[in-house]
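Participant: have a look at this prediction, sequence included:
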Amino acid sequence: MFDGIYFEFPKIAFVIFFYIACETLCKMRLPSIYFPHSAQFVKNSIASSKLLFLLKWLGIVMMVLALMSPVKDEPYELKPKEGYEIALILDASESMAQRGFDMLNPGASRFDIVKNIVSDFIQKRENDNMGLVVFGQYSFIASPLTYDKNILSSLVMQLHEGIAGKYTALYEGLAQGVHLLKESGSKTKIAILLTDGYSTAGVDRIPLDVALDMAKKEGIKVYPIGVGAPNEYNRAVLSKIAQDTGGVAYGASNASQLKEIYEKIDKLEKSEIKNETFTYKQYYYFYPLFVALLSLMMYVYLRNKRGGM
């Protein structure tokens, strides 16, 4: 109960010694000249009352404790107001339903493997504000930027192949990711663009150059990841996106490589922002002050009731 409590002004405790010295050396001079027997009467009356003695000293000690100002430091943390803001852009076209991407789980689709790895990545980014974009034949923002990692992971796990159509509007997905980060006030904006295919002509309504200009204008660094065999995705395009935006392009032919890539990005873009920790003083002087006032009031009341001074 009293753990961590200390006194702001401990030297005030010496006041008690001054009081004891004054009680001993500075006796109150009673008007004995007019009432010669009253001093002896008061002395006997007060001395016989242990309750008055206890109340008086309780009041004095509590008053001194209140003046010493008992406090306790209470630490608290502020949630990060700044940090990396990351757009996770996932290809959910029907081609992501291919199996055999993970040798340990050959029955799982590429998209199932991606969901598990991305979910783990989300949980590692404690201080970052993250959002989710899904694209296929069209693209949409599945989650705005949020610090709530559990909700975001839950959303990722609820996705499935074909949720945005069977084709691949790759550049539209990138543009949607830029749109997600556009309103952000952060200085560090990152997009991780994962795809397993080429942009489908006639479906992708936004040209690559336009999507790149949008990303560069907003200062977004893009990390493209090609999933599958090297000939299954457009390596040249992914490399250009990375080069123009300051990111790095990767390719993953299996689940193990994809996991390593996300771990590598996690290290490359490790947030250095830490939660700000503060302490504030919780004051407890009013407790002894309340006891002191109550004790002294009872002391005065009982003394007057007994006919003392």
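Facilitator: Great, that's in hand. Please read these numbers as outputs of a predicted model, since none were measured by experiment.
Participant: pLDDT weak spots in the stretch 51-200 of the chain?
Facilitator: 76-83 (pLDDT under 70).
Participant: go with 80
Facilitator: Applying pLDDT under 80 to the stretch 51-200 of the chain flags the ranges 74-83, 126-127, 183-187, 197.
Participant: assign S186 to helix, strand or coil.
Facilitator: Three-state assignment for S186 (DSSP: H, G, I helix; E, B strand; the rest coil): coil.
Participant: for it, phi and psi?
Facilitator: The phi/psi pair for S186 (degrees, to the nearest 10) reads phi -70, psi 150.
Participant: quick check: closest non-adjacent residue to it.
Facilitator: E85 (4.3 Å; CB to CB, 6 or more residues apart in numbering). C-beta: built from backbone N, CA, C; applies to glycine.
Participant: how close does the one you found sit to F111?
Facilitator: Separation of E85 from F111 (CB to CB, to the nearest Å) stands at 25 Å.
Participant: more neighbours, these two?
Facilitator: Here E85 and F111 are set side by side on neighbour count (other CB atoms under 10 Å), and the busier one is F111, at 26 against 22.
Participant: now the more buried one, what's its secondary structure?
Facilitator: helix.
Participant: hmm, it is touching A92, no?
Facilitator: Yes: using CB atoms under 8 Å, F111 makes contact with A92 at a distance of 6.4 Å.
Participant: now the common contact residues for those two.
Facilitator: The overlap between the contact sets of F111 and A92 (CB atoms under 8 Å, 6 or more residues apart in numbering) consists of 159-161.
Participant: of these, which is the nearest to K221?
Facilitator: The nearest member of the shared contacts of F111 and A92 to K221, counting by CB to CB, is L159 at 24.2 Å.
Participant: let me know whether that closest one touches F111 as I believe.
Facilitator: Yes: the criterion here is CB under 8 Å, and L159 meets it with F111 at 7.3 Å.
Participant: export the shared contacts of F111 and A92 to CSV and tack on distance to Y250 and secondary structure?
Facilitator: Shown next, in CSV, are the shared contacts of F111 and A92 (distance: CB to CB, whole Å; DSSP: H, G, I helix; E, B strand; the rest coil):
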residue, distance to Y250, secondary structure
L159, 21, coil
H160, 24, coil
E161, 21, coil
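Participant: and the residues you listed as TSV, adding distance to M297 and neighbour count?
Facilitator: Formatted as TSV, those follow (distance: CB to CB, whole Å; neighbours: other CB atoms under 10 Å):
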residue	distance to M297	neighbour count
L159	70	20
H160	74	13
E161	78	20
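Participant: dump those residues to a markdown table, plus distance to Y280.
Facilitator: Formatted as a markdown table, the shared contacts of F111 and A92 follow (distance: CB to CB, whole Å):
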| residue | distance to Y280 |
| --- | --- |
| L159 | 43 |
| H160 | 48 |
| E161 | 51 |
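Participant: D148: which of those residues is nearest?
Facilitator: Within those, the smallest distance to D148 is 17.0 Å, found for L159 (CB to CB).
Participant: quick one: buried residues of stretch 112-122?
Facilitator: For stretch 112-122, the neighbour count (16 or more other CB atoms under 10 Å) marks 112-119, 121-122 as buried.
Participant: swap in stretch 57-75?
Facilitator: Those would be 58-71, for stretch 57-75 by 16+ other CB under 10 Å.
Participant: same question for stretch 143-152.
Facilitator: Neighbour counts over stretch 143-152 (16+ other CB under 10 Å) mark 143, 145, 147, 149, 152 as buried.
Participant: which residues does the nearest residue to V203 once chain neighbours are set aside contact?
Facilitator: Spatial nearest neighbour of V203, excluding adjacent residues (CB to CB, 6+ apart): Y167 at 4.5 Å. Each residue near Y167 by CB under 8 Å, 6+ apart is listed here: 93, 136-137, 200, 203.
Participant: next, count neighbours for the closest residue to S109 other than its chain neighbours.
Facilitator: Once flanking residues are discounted, S109 sits nearest to A97: 4.8 Å by CB to CB, 6+ apart. Applying other CB under 10 Å, we find 16 residues neighbouring A97.
Participant: make 398 the starting number, not 1.
Facilitator: New numbering, starting at 398: the last item is A494.
Participant: now do A410, the pLDDT please.
Facilitator: With respect to pLDDT, A410 scores 86.
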